[in-house]
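Peer 1: from the sequence below, what's the structure:
(one chain, ligands or ions: 1)
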Amino acid sequence: AIEKTFSIIKPDAVKRGLIAEILKMITDSGLKIKGMKMIHMDRAQAEGFYAVHKERPFFGELVDYMISGPVVVSCLEGENAIEKYRVLMGATNPAQAAPGTIRAAYGLDIQNNSCHGSDGPDTAKTEVAYFFNDDELVG
Ligand code: CMP
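Peer 2: Below is the predicted model:
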């Protein structure tokens, strides 16, 4: 089925000038960009986005990292988009990511892993709505 998913190009990748490279991998995979913007999250916004991880030991560092610089958030659409984008990103830990994936190519470590993608249909809906109004999904 045609699905929407949510993507973040994270601060480590934006800082290293990798926005275009990562977007090219996304569009080359057949995913379509429905909406996109560059933002610099504040602490409350990052904490809310990652609320599911708030009990994890890495939560504080994760939030500090996600507000350390601008990110590019996008809504992607395509056949099987959620799983397709997860495969394209590769494993959370870049050291374990398959060759040809975004994280294998550009990720630095398990935190600075260059990209985020929704992990299922419910989170995709929530995450897209967290950053985009319907009228911003213009693609
Ligand atoms: P993401 O897919 O955005 O989901 C949660 C993020 O927490 C993850 O990518 C990493 O950036 C970060 N993170 C840091 N340490 C860990 C860890 N030990 N396990 C999972 N995620 C981690």
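Peer 1: so for the host helix or strand of Ile26, mean pLDDT?
Peer 2: Applying DSSP states H and E as the criterion places Ile26 in helix 19-28. On average, the pLDDT along helix 19-28 is 98.
Peer 1: and that helix, what does it pack against?
Peer 2: strand 2-9, strand 32-39, strand 71-79, helix 81-89, helix 102-106 (3 or more CB pairs under 8 Å, 6 or more residues apart in numbering; DSSP states H and E). The C-beta positions use only the backbone N, C-alpha and C, and glycine is treated the same way.
Peer 1: can you tell me which of these comes nearest to Arg56?
Peer 2: Comparing the helices and strands packed on helix 19-28 against Arg56 with CB to CB, the closest turns out to be strand 2-9 (17.6 Å).
Peer 1: hmm, Met89 is touching Ala104, no?
Peer 2: No. The pair formed by Met89 and Ala104 falls short of the contact definition of CB atoms under 8 Å, at 9.4 Å.
Peer 1: neighbour count winner among these two?
Peer 2: Comparing Met89 with Ala104 by neighbour count (other CB atoms under 10 Å), the higher total belongs to Met89, at 24 against 17.
Peer 1: residue contacts, the more buried one?
Peer 2: Met89 makes contact with Ala97, Thr101, Ile102, Arg103, Cys115, Gly117, according to CB atoms under 8 Å, 6 or more residues apart in numbering.
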